[in-house]
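Enquirer: Sequence first, predicted model second:
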Amino acid sequence: VQLVESGGGLVQPGGSLRLSCAASGFTFSNYGMSWYRQGPGKERELVATISSAGGIRNYADSVKGRFTISRVNAKNTVYLQMNSLKPDDTAVYYCNTPTLGPAGGYWGQGTQVTVSS
C-alpha cells in the first residue's frame, strides 16, 4: 500500500489549496479514506472522511464550510479542497486508510500547508 500526498505549499490567509492523495496497492474503491493534520506543537487531528463511493462525508467542526473532501475512484485519488484558509490551518496534512491495514490504517508521508502573510 502506498499513499502519496501532494499539493501543499505556502498560501496567504483567505487563500485556497487543493491537496491530492494518490493511492496504490489496494482496491481503492472498496475503502473509505480520511485526511488528518498535525500542526506545530499539536496532536494529529481528523479533518475529513469520505466513504468508499463518496456519498458520505464528514468534517471536523473547525473546517466545516471551508474544506471539501472528494474522490475519483477511477484515478485512485482522494482530494481535499481547502478554501478560506486561516493561519490555524497550518499543518502537515496526511492521507489515511482508516479501515485498511494495521491499527490506525496506512499513512502517507504528508504534505506541508503553511498559511501566512
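Expert: Nice, thanks for sending it over.

Enquirer: mind checking how far the spatially most central residue of the chain is from Val63?
Expert: If you average the C-alpha coordinates of the chain and look for the closest C-alpha using CA atoms, centre = their mean, you land on Trp35, 2.9 Å from that point. Counting by CB to CB, to the nearest Å, the gap between Trp35 and Val63 amounts to 9 Å. In this view, the C-beta of every residue, glycine as well, is placed from N, C-alpha and C.

Enquirer: Send me the helix or strand hosting the residue nearest to the centre of the chain as CSV with only the CA atoms.
Expert: Assigned by DSSP states H and E, Trp35 belongs to strand 33-38. Output of strand 33-38 as CSV, limited to C-alpha atoms (Å, rounded to 0.1, in the frame of the first residue of the first chain):
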residue,chain,number,x,y,z
MET,A,33,-10.4,7.5,3.2
SER,A,34,-9.5,10.2,5.6
TRP,A,35,-7.4,13.3,5.8
TYR,A,36,-5.7,14.2,9.1
ARG,A,37,-3.4,17.1,10.0
GLN,A,38,-0.9,17.8,12.6
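
Enquirer: Spell out which strands sit alongside the following helix or strand past it in the sheet and which way each one runs.
Expert: Counting by DSSP H and E, the element after strand 33-38 in chain order, helix or strand, is strand 45-50. For strand 45-50, the paired strands and their directions (DSSP bridges) read strand 33-38 (antiparallel), strand 57-59 (antiparallel).

Enquirer: buried ones in strand 45-50?
Expert: Within strand 45-50, the residues that count as buried by 16 or more other CB atoms under 10 Å are 47-50.

Enquirer: Cool, thanks, signing off.
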